[in-house]
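[1] have a look at this prediction, sequence included:
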Amino acid sequence: MDIIQQVDRWARVAPQAVAHVSGQRQLTYGELRERSDALAAHLAQRLKNDFSPIAVLGHREPEMLIAFLGVVKSGRPYLPLDPLLPRRRLHRILNTARVQLVLTPAETAAFSGSRAELPLKALRNDDPFYILFTSGSTGEPKGVIITAGCLHHFLTWMLMEQQFIESGEIFLNQAPFSFDLSVMDLYCSLATGGTLFSIGRDLVANPKQLYLALSNSGLTTWVSTPSFAQLCLAERKFGQDMLPRLRRFLFCGETLARETAERLRQRFPTAQIWNTYGPTEATVACTSVQITDAILENYSALPVGRPMPGTAIFVTGEGDHARPVPLGTPGEIIIAGPNVSPGYLARPDLTARAFSEDNGQRAYCTGDRGRFSDGLLFFEGRMDHQIKFNGYRIELGDIEGNLRAISGIHDAIVLPVTKQGRTTSLAAFVVSDNGAECESASKRVDDLRQALGERLPAYMIPRRFIFLEAFPMTPNGKADRSRLTALL
Ligand code: AMP
């Protein structure tokens, strides 16, 4: 059964069961099926033979789920977009993806109101299911195509490994729908007849209300970045008493610090903690491991896990993708299997650089450095200038490219400011046409911040701007990032 058929089955057997809770709003499985059918019929009639992606713009509204399923039922992939993206970036994404239609929650509500019979077509493995845009190293975001087959492979593994209780789980949805971590909670929940419990930005910004909402949530499965759990740990009451039904934490997207895992073990003695790893290009996650006391005892840096069945993960020498290195030696992590994306939308150049074939399977060179030990994969950082900041994937080159595009900026280098290995903020070194200016030239910094804010989401705006006459150079004529790092 594909995911659409699974949701339809829940709509038949438990139409009143709640599929989604967001603030005061709820959506049942019956409504989700009826409204997504109606939307699909509307789209089929309206767009005829145009099968280009449909953008879905919104935050946590129940219409987001209706739109995702309705778009897929109409035979098109959906492209989730966050309304907080600056217009300029939004338009660039819409242009790259040749999007013909953008669905807002209001439009989805309007187009899904009438009843419609829809003959259900089974999904084919190669059908594009969704497209997620991530930061690109040259300043252009890139769209990762995920097919129905990729999603099916991921879900089959998750459901088998986690043994979720059918119609018995309540999943935390913390990641925005435009980030692939949300695919884990959304579709594990819908596949098992569970309830997706979304927490919006308003709650995260208001700790009192956040903890009140969590206390009333009945959550059984926590899905978030480690950063979010760490934020919650700052609240003393965040523990088993607040979430008595919680049985498992599922983490992905960035390093799970051993300290975070240890504190969660103390606060939630009966909940399991799982670390999972994977890039958007390989459908959310492809390795996993339960962080038991034995794992905590045996390893100082926590492993990211064992490969999912049916997918090969190996480590190769840097710069030479063909040759795996001996076990235990660090190198680049390569993922090959049905969960690997066919590539980036409308970017054959980028696709050719990162994707290849291995034993008849699609393979993706992650740019992650890693090593196998005791059958477990360990993540050891990046080989390029991609970073994770509060769970967000950021190419520093994306910020640099956008800085250089601002008039008066000659060159720019952006570096993460780190504390105990974690990025705490971003700093930009800027060579402007006016030469060096001191950091207190606050008007200049404000203007720069504003210009950048028109191009990039808020989490990508550097906190510090440092103006230089010129960048220090390495002997082979490249900007010397390590000397700039030392300046920080
Ligand atoms: P994204 O495409 O946003 O999911 O980001 C993927 C990248 O996040 C990977 O290539 C890794 O660099 C990093 N990542 C994902 N999961 C983990 C993990 N469990 N531990 C450390 N880094 C991770």
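    Yep, it's here.
[2] show me the helices in the stretch 1-150 of the chain, by range?
    Applying DSSP state H, counting those that start in this stretch to the stretch 1-150 of the chain gives helices spanning 3-13, 29-47, 62-73, 87-96, 105-111, 148-162.
[3] one more: the stretch 201-350 of the chain?
    Along the stretch 201-350 of the chain, counting by DSSP H, counting those that start in this stretch, helices occupy 201-204, 207-215, 226-233, 258-267, 293-298, 348-354.
[4] and among the ones you listed, the most buried is which?
    helix 226-233 (a mean of 20; mean count of other CB atoms under 10 Å). For glycine as for every other residue, the C-beta is placed from the backbone atoms N, C-alpha and C.
[5] get me the contact residues on the protein for the ligand.
    134, 180, 252-256, 275, 277, 279-280, 304, 366, 368, 379, 382, 388, 393 (CB under 6 Å from any ligand atom).
[6] residues in contact with the residue in the stretch 351-488 of the chain positioned nearest to the ligand?
    Closest to the ligand within the stretch 351-488 of the chain is residue 393: 3.5 Å, counting by CB to the nearest ligand atom. When contacts are counted by CB atoms under 8 Å, 6 or more residues apart in numbering, residue 393 touches 134, 135, 253, 280, 386, 387.
[7] residue 399 contacts residue 426, correct?
    Yes - counting by CB atoms under 8 Å, residue 399 sits close enough to residue 426 to count as a contact (7.1 Å).
[8] what residues are shared contacts of these two?
    By CB under 8 Å, 6+ apart, residue 399 and residue 426 have these common neighbours: 414, 460, 462.
[9] surely the last one and residue 427 touch.
    Think residue 462. Yes - taking contacts as CB under 8 Å, residue 462 lies within contact range of residue 427: 5.6 Å.
[10] okay, and the common contacts of these two?
    residue 414.
[11] neighbour-wise, which of these two wins?
    For residue 462 and residue 427, the more surrounded residue by other CB atoms under 10 Å is residue 462, and the numbers stand at 25 against 18.
[12] can you confirm that one is in a helix?
    No - going by DSSP: H, G, I helix; E, B strand; the rest coil, the assignment for residue 462 is coil, not a helix.
[13] what values do phi and psi take at it?
    phi -60, psi 150 (degrees, to the nearest 10).
[14] now do residue 82
    The phi/psi pair for residue 82 (degrees, to the nearest 10) reads phi -90, psi 130.
[15] tell me where the stretch 1-150 of the chain is predicted with low confidence.
    Across the stretch 1-150 of the chain, no stretch falls below the confidence threshold (pLDDT under 70).
[16] show me what whatever residue of it ends up closest to the ligand is bridged to.
    The minimum distance from the stretch 1-150 of the chain to the ligand, using CB to the nearest ligand atom, falls at residue 134 (5.7 Å). Bridge pairing for residue 134 (DSSP bridges) gives the partners residue 142.
[17] ok and the residue in the stretch 51-200 of the chain nearest the ligand?
    residue 180 (5.3 Å).
[18] let me know how buried that residue is, in neighbour terms.
    Neighbourhood size, residue 180 [other CB under 10 Å]: 26.
[19] my read: it touches residue 132, true?
    Yes - using CB under 8 Å, residue 180 makes contact with residue 132 at a distance of 5.4 Å.
[20] which strand runs longest in this structure?
    In the chain, with assignment by DSSP state E, the single longest strand is strand 361-373.
[21] for it, give the mean pLDDT please.
    The pLDDT scores in strand 361-373 average 97.
[22] buried residues, the helix or strand that that strand is followed by. List them.
    For strand 361-373, the following helix or strand on the C-terminal side (DSSP states H and E) is strand 376-382. By neighbour count on 16 or more other CB atoms under 10 Å, the buried set for strand 376-382 is 376, 377, 378, 379, 380.
[23] same question, stretch 300-317
    Here stretch 300-317 shows 302, 303, 304, 305, 306, 307, 308, 311, 313, 314, 315, 316 as buried, counting by 16+ other CB under 10 Å.
[24] chain center to that stretch: distance?
    19 Å (CA atoms, centre = their mean, to the nearest Å).
[25] just stretch 202-210 next, same as before
    Worked out by CA atoms, centre = their mean, stretch 202-210 lies 22 Å from the chain centre.
[26] gap between the two ends of it?
    End-to-end span of stretch 202-210 (CA to CA, to the nearest Å): 9 Å.
[27] then stretch 267-282?
    For stretch 267-282, the end-to-end distance is 32 Å (CA to CA).
[28] re earlier: packed most tightly, which of the helices of the stretch 1-150 of the chain would that be?
    helix 62-73 (a mean of 27).
[29] now do that one: everything it contacts.
    For helix 62-73, the external contacting residues (CB under 8 Å, 6+ apart) are 4, 7, 19-20, 22, 25-27, 31-32, 35-40, 42-43, 54, 56, 58, 77-78, 80, 103, 105-106, 108-109, 112, 118, 120, 123, 129-130, 148, 177, 186, 190, 196.
[30] ok, 7 Å please
    By CB atoms under 7 Å, 6 or more residues apart in numbering, the residues outside helix 62-73 that reach it are 4, 7, 19-20, 22, 25, 27, 32, 35-37, 39-40, 43, 54, 56, 58, 78, 103, 105, 108-109, 112, 118, 129, 177.
[31] need the residues that contact stretch 161-168.
    Contacts of stretch 161-168 (CB under 7 Å, 6+ apart): 14, 17, 188, 192, 193, 194, 288.
[32] with adjacent residues omitted, what lies nearest to the second one?
    So that's residue 17. residue 29 (5.1 Å; CB to CB, 6 or more residues apart in numbering).
[33] quick check: the one you found touching residue 15?
    Yes - between residue 29 and residue 15 there is a contact at 5.8 Å, judged by CB atoms under 7 Å.
[34] fine by me, we can end here.
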